[in-house]
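Participant: structure, please.
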Amino acid sequence: MNKRGGFSDLFIFLIFAFVIVLVSVLWVWMGGMVNDQLHTTMDGMDLGDTVGNNASQVIENTIGVTNETFQALRWITTFLMVGMIISIFIGSYLVTTKPIFFIPYIFIVIIAIVVSVPISNSYEQLSLDPNLASTFASFSSTNWIMLNLPVWITIIGFAGGIIMFSRLGKKEEQFYGY
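Facilitator: Sure, this is the predicted structure:
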């Protein structure tokens with residue numbers, strides 16, 4: 001309540017989207033690397049437990065299950081981004097602002113678009129890294145959003161502005177009974 005501006009939402013989206021995707025990709029990649037390295041070094045070991053498991057079975061029952069869980073990050077990151085976009089629209093709807101702030105809002109959206117270009121380019125460079133390329137490729141919908149980030153920021157920014165500034169008179173009508 002009493003929120004006076006949703007001007008920083010685009011920048012928060014830019015930062016969190018990039019960080020969430022990068023951390024998710026690194027978790028999936030590291031999980032696969034750890035699993036492969038454990039299999040390389042420990043598959044020949046005989047654990048001699050009472051159940052009859054060997055090292056490869058133990059690795060698959062522990063790290064293998066964890067890696068299967070990490071695979072959910074591929075769609076979780078997309079849903080987090082979509083959720084952030086929806087929250088920007090809801091926040092824009094709930095903001096009460098004055099028409100004078102339309103011009104600064106346009107400048108902030110333009111700055112966010114300009115900032116999104118190097119973030120998108122950085123993401124592309126990271127996704128082309130030979131070590132991480134296959135992991136990044138598996139994040140297909142997230143790649144589509146991040147590689148087209150300037151377009152997304154433009155659409156989100158202007159749609160949020162339209163939502164925010166199109167209901168300027170609505171609050172006054174409730175209070176004064178027009």
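Participant: pLDDT weak spots in this structure?
Facilitator: Along the chain, the parts satisfying pLDDT under 70 run over 1-6, 43-53, 167-178.
Participant: all the helices of it, in order from the start?
Facilitator: 9-42, 55-59, 65-70, 73-94, 102-127, 133-138, 140-147, 149-166, 168-176 (DSSP state H).
Participant: residues contacting the most centrally placed residue in the chain?
Facilitator: Nearest to the geometric centre of the chain sits Ala17, at 3.1 Å (Cα atoms, centre = their mean). Residues near Ala17 by Cβ atoms under 8 Å, 6 or more residues apart in numbering: 80-81, 84, 145-146, 149. Quick note: C-beta positions are derived from backbone N, CA and C, even for glycine.
Participant: phi first, then psi, for Gln71.
Facilitator: The phi and psi values for Gln71, taken as degrees, to the nearest 10, are phi -60, psi -20.
Participant: check contacts around it.
Facilitator: Neighbour list for Gln71: Val28 [criterion: Cβ under 8 Å, 6+ apart].
Participant: residue contacts, Met81?
Facilitator: 13, 17, 20, 142, 145.
Participant: CSV please, covering those residues and showing distance to Ala72.
Facilitator: Below are the contacts of Met81 laid out as CSV (distance: Cβ to Cβ, whole Å):
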residue, distance to Ala72
Phe13, 22
Ala17, 18
Ile20, 13
Thr142, 13
Ile145, 18
